[in-house]
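J.: what shape does this take:
(chains A and B)
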Amino acid sequence: MLLRQNAEQTIADCTVLIVDDQPTSRLIMTSLLEDITHSHAVTGANEALDFCLAQLPDLVVSDVSMPEMSGRELCQALRSNAKTAGIPVMFVTSSDSDEEQEKCWESGGVDFVTKPINATTFRNRVKSQLSHKLKADLLEQLIYTDRLTGAFNRHYLDERLPFIVKECDREVKPLAIAIFDIDFFKRFNDEYGHLAGDKCLCRLAKAINGAMLRPMDQLVRVGGEEFLILMPNTTQQGAVVVCQRILETVRQLHIPHIKSDVGEVTVSMGLSMYEPGESKDPFEVINEADKYLYSAKNSGRNRLVYE
Amino acid sequence: MSDHVDQSPAPVWNRQSALQRLMNNEALLNRILKIFFEQAETHLTAIRDNIQQGRLEEARAAAHALKGSAGEVGADRMHQHLGQLENALVSKAAQQAADIYKVVVVDYQQVCQQAK
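T.: Here you go, the predicted structure:
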């Protein structure tokens, strides 16, 4: 699951992006990191921005003075985008003025190495930044993950939903939100016991995570047996396909539930849409989805209801 | 004593300290020297032309770039003078910059004799 993967990640699995317009500097830095981790070198800040958005490196090592766009501007641009704001930027520069150093820290850099580079210092600074990044990532994952099911948790929802909505507004793309829970789950627990209930939640979450094919779709456990699916950049039509696939995935698990109408575990689901620029409170959209979930319950369960 | 050391010009080519900075990786030093020599004359020409035509910011950028790789290969004296050249260009002192440029060219010729 998510947690295991991250705990096992080491510095050797990280990616460092090197940004420098000078070929000698790129060659030196790439060579010095060769036996430590993966690295990729680009010649300018614009190329670096594209790489960061697509690949999310664990560290950016950037020259300061470059034509077109400076390393400091690159750092500010990374900071101002929620997607890339967590990538640390380390500056490498031959400019030794105090003013320059101040500006680098102000722009949001995490470290400052002077040129000509001392190999030992450079390698150790990079290692230290990467080990810090790995710890921060692991911590974030622990904070945001439900330990039982491996899905995201309520805390994640409260913290991240406003940013996800902002992103949809900016990209002018709709956000689909589905909410579902297990039919007659209280009866399930009473019949089979709480341990079996936990196991059922676990199997369901795992199967549903596998049925969500796009990386940006996220499963969130918001309560006992209640889950949300966040689907950014998804139309209602697309979301219905995903939801139906999830209902079918649960049916195919064939988990016995003798106290339910169909004798097996099923879920009911409500779906609602956030349209870009609507400036609606996203938690309001969740309430709407919840109302549809309620109608799904009242109209026989094991189904999806939407507007 | 330290005053005297500070005032003496840096060595033309300090191969030993360049190597030390690169963890004694001679192959790496040779590769960056090759790139340095391939590019130095283009940078020097750009510095000269830009100073002559009053484009001091462009001249500064070229001086900064050359300073970086001069430092990396251990061309310490050239590195030192390019730093002074960069400062002169930042303060828009065109005549002073033109004078320092001539010194840098001499430094470069000496690096060529020793390292090429």
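J.: so which residues of chain A form strands?
T.: If you assign secondary structure with DSSP state E, the strands in chain A sit at A:15-19, A:38-42, A:59-63, A:89-93, A:111-114, A:152-153, A:175-182, A:218-221, A:226-232, A:267-274, A:304-306.
J.: okay, the ones you listed in TSV with mean pLDDT, mean neighbour count and distance to residue A:258 next?
T.: Where C-beta positions appear, they are placed from N, C-alpha and C, glycine not excepted. Formatted as TSV, the strands of chain A follow (pLDDT from 0 to 100; neighbours: other Cβ atoms under 10 Å in any protein chain shown; distance: least, Cβ to Cβ, whole Å):
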stretch	mean pLDDT	mean neighbour count	distance to residue A:258
strand A:15-19	98	23	51
strand A:38-42	98	18	53
strand A:59-63	97	27	54
strand A:89-93	94	25	58
strand A:111-114	92	16	61
strand A:152-153	96	20	31
strand A:175-182	96	25	15
strand A:218-221	96	22	25
strand A:226-232	96	22	23
strand A:267-274	97	24	17
strand A:304-306	96	20	25
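J.: TSV for those strands, including distance to residue A:194?
T.: TSV is the format used below for these (distance: least, Cβ to Cβ, whole Å):
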stretch	distance to residue A:194
strand A:15-19	42
strand A:38-42	44
strand A:59-63	44
strand A:89-93	47
strand A:111-114	49
strand A:152-153	19
strand A:175-182	14
strand A:218-221	16
strand A:226-232	16
strand A:267-274	19
strand A:304-306	28
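J.: distance to chain B added to those strands, as a markdown table?
T.: Listed next are the strands of chain A as a markdown table, based on distance: least, Cβ to the nearest Cβ, whole Å:
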| stretch | distance to chain B |
| --- | --- |
| strand A:15-19 | 14 |
| strand A:38-42 | 13 |
| strand A:59-63 | 8 |
| strand A:89-93 | 8 |
| strand A:111-114 | 9 |
| strand A:152-153 | 44 |
| strand A:175-182 | 44 |
| strand A:218-221 | 44 |
| strand A:226-232 | 41 |
| strand A:267-274 | 47 |
| strand A:304-306 | 58 |
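J.: so which helix or strand takes in the nearest residue to residue B:86 once chain neighbours are set aside?
T.: Computed as Cβ to Cβ, 6 or more residues apart in numbering or on different chains, the closest residue to residue B:86 that is not its neighbour in sequence is residue B:63, at 4.8 Å. Counting by DSSP states H and E, the element that carries residue B:63 is helix B:56-73.
J.: what angle separates that helix from strand A:59-63?
T.: 120 degrees (axes from the mean of the first three to the mean of the last three Cα atoms, to 10 degrees).
J.: so which residues on the stretch 101-250 of chain A come close to chain B?
T.: Contacts of the stretch 101-250 of chain A with chain B, taken as Cβ under 8 Å from any Cβ of the partner chain, map to A:115, A:116, A:117, A:118, A:119, A:120.
J.: could you measure from the last one over to residue A:180?
T.: So the one you mean is residue A:120. From residue A:120 over to residue A:180 the distance is 55 Å, taken as Cβ to Cβ, to the nearest Å.
J.: cool, the fourth one as well?
T.: Residue A:118 sits at a distance of 57 Å from residue A:180 (criterion: Cβ to Cβ).
J.: now do the nearest residue in space to residue A:171 that is not next to it in sequence against residue A:268, distance only.
T.: Excluding the flanking residues, the one nearest residue A:171 by Cβ to Cβ, 6+ apart is residue A:233, at 6.9 Å. From residue A:233 over to residue A:268 the distance is 25 Å, taken as Cβ to Cβ.
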